[in-house]
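> coordinates for the following, if possible.
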Amino acid sequence: MLFRAFTIILPILQQHGHVLAKPLNLSPTQIHCTDSPSWIDPIFNRLDCDHALNQFLATTVTEHETTPFEFLAPGTHSMHALPHVQTPMRITVGTCTLAIAMLASFAPGMLPGAGREPYPPTDIASFRDIYFTALAVDVQCTRRQGKAGWSHTGGRLAVGVFFWGTESRIDMVVRNRVQLPKPHDNTTLENVAAV
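Numbers count the residues shown, from 1 in each chain. Reported below is the predicted structural model:
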């Protein structure tokens, strides 16, 4: 359905002067899928993720295309003379949320498959880069496996692109901007309660 929608939307974008480059070549090791209850409970419908991605394409991506933005973790100040986006940013459709959040906002071990190195609190990316990263996660995780998932993009690979269940534990943490555990904290997502 997403590819059919993209096939329909692409000629329209091109007709109006919008040209999207080819998708990024993310290796499967850079895409992390999970069926953790913290990411998909209470309910998760993969078709809602397709709709969230299409909404993101039809609004934010087509409006800003390749414009570079500096993405900022909460409480971080801009370091570059670029337009900036304060994260987290969420697009929710039904049971699925497409989220954009800085990886620095998460404690080591909180994200399945993430390394334990500290991530920078700012990074530069375009919404087109984020779209194609989200498309890769949608295809690999939600469509093929029916799971939530995430990957990263940006010049320093510090912008996280996520699909997870609306009202899941991780969604509530990010949505309510609960203070995420510090790196030396042994707190995991399972025992972080939303405010």
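
> going by C-alpha atoms from here, please, whenever you check contacts or count neighbours.
OK.

> residues contacting residue 104?
73, 118, 119, 120, 121, 158 (CA atoms under 8 Å, 6 or more residues apart in numbering).

> over to residue 174?
Neighbours of residue 174 in contact, by CA under 8 Å, 6+ apart: residue 88.

> which strand or helix spans it?
helix 169-175 (DSSP states H and E).

> how far off centre is that helix?
When C-alpha coordinates are averaged (CA atoms, centre = their mean, to the nearest Å), helix 169-175 and its chain have centres 13 Å apart.

> and that helix, average pLDDT?
Averaging pLDDT along helix 169-175 yields 88.

> same check on stretch 107-115?
For stretch 107-115, the mean per-residue pLDDT is 84.

> and that stretch, what's buried?
Neighbour-count burial for stretch 107-115 flags 107, 108, 110, 111, 114 (criterion: 16 or more other CA atoms under 10 Å).

> the closest residue to residue 151 other than its chain neighbours: neighbouring residues, count only.
Residue nearest to residue 151 in three dimensions, not counting chain neighbours: residue 31, with 4.9 Å by CA to CA, 6 or more residues apart in numbering. Using other CA atoms under 10 Å, residue 31 is surrounded by 23 other residues.

> quick check: residue 31 touching residue 137?
Yes: contact criterion CA atoms under 8 Å: residue 31 and residue 137 qualify, at 6.2 Å.

> hey, what's in contact with both of these two?
Counting by CA under 8 Å, 6+ apart, the residues touching both residue 31 and residue 137 are 149, 150, 151.

> now, those that are in helices?
In helices, defined here by DSSP state H, there are no members of the shared contacts of residue 31 and residue 137.

> excluding residues flanking it in the chain, which one is nearest residue 117?
Using CA to CA, 6+ apart, the nearest residue to residue 117 is residue 108, at 7.3 Å.

> identify the residues contacting that neighbour.
114, 115, 116, 117, 118, 183.

> repeat for residue 72
78, 84, 85, 86, 87, 102, 121, 122, 123.

> next: residue 168.
Neighbour list for residue 168: 37, 38, 39, 40, 41, 42, 43 [criterion: CA under 8 Å, 6+ apart].

> can you report how many residues lie near the first one?
Same thing as residue 37. There are 15 residues near residue 37, going by other CA under 10 Å.

> for stretch 67-85, the distance to its chain's centre please.
On CA atoms, centre = their mean, the centre of stretch 67-85 falls 16 Å from the chain's centre.

> okay, buried residues for it please.
68, 69, 70, 71, 72, 73, 74, 78, 84, 85.

> most widely separated two among the residues you listed?
By the measure CA to CA, 68 and 74 form the most distant pair in the buried residues of stretch 67-85, at 19.0 Å.

> give me the pLDDT value at the residue nearest the centre of the chain.
The C-alpha lying nearest the average C-alpha coordinate of the chain belongs to residue 161 (CA atoms, centre = their mean; 1.9 Å). We have a pLDDT of 97 for residue 161.
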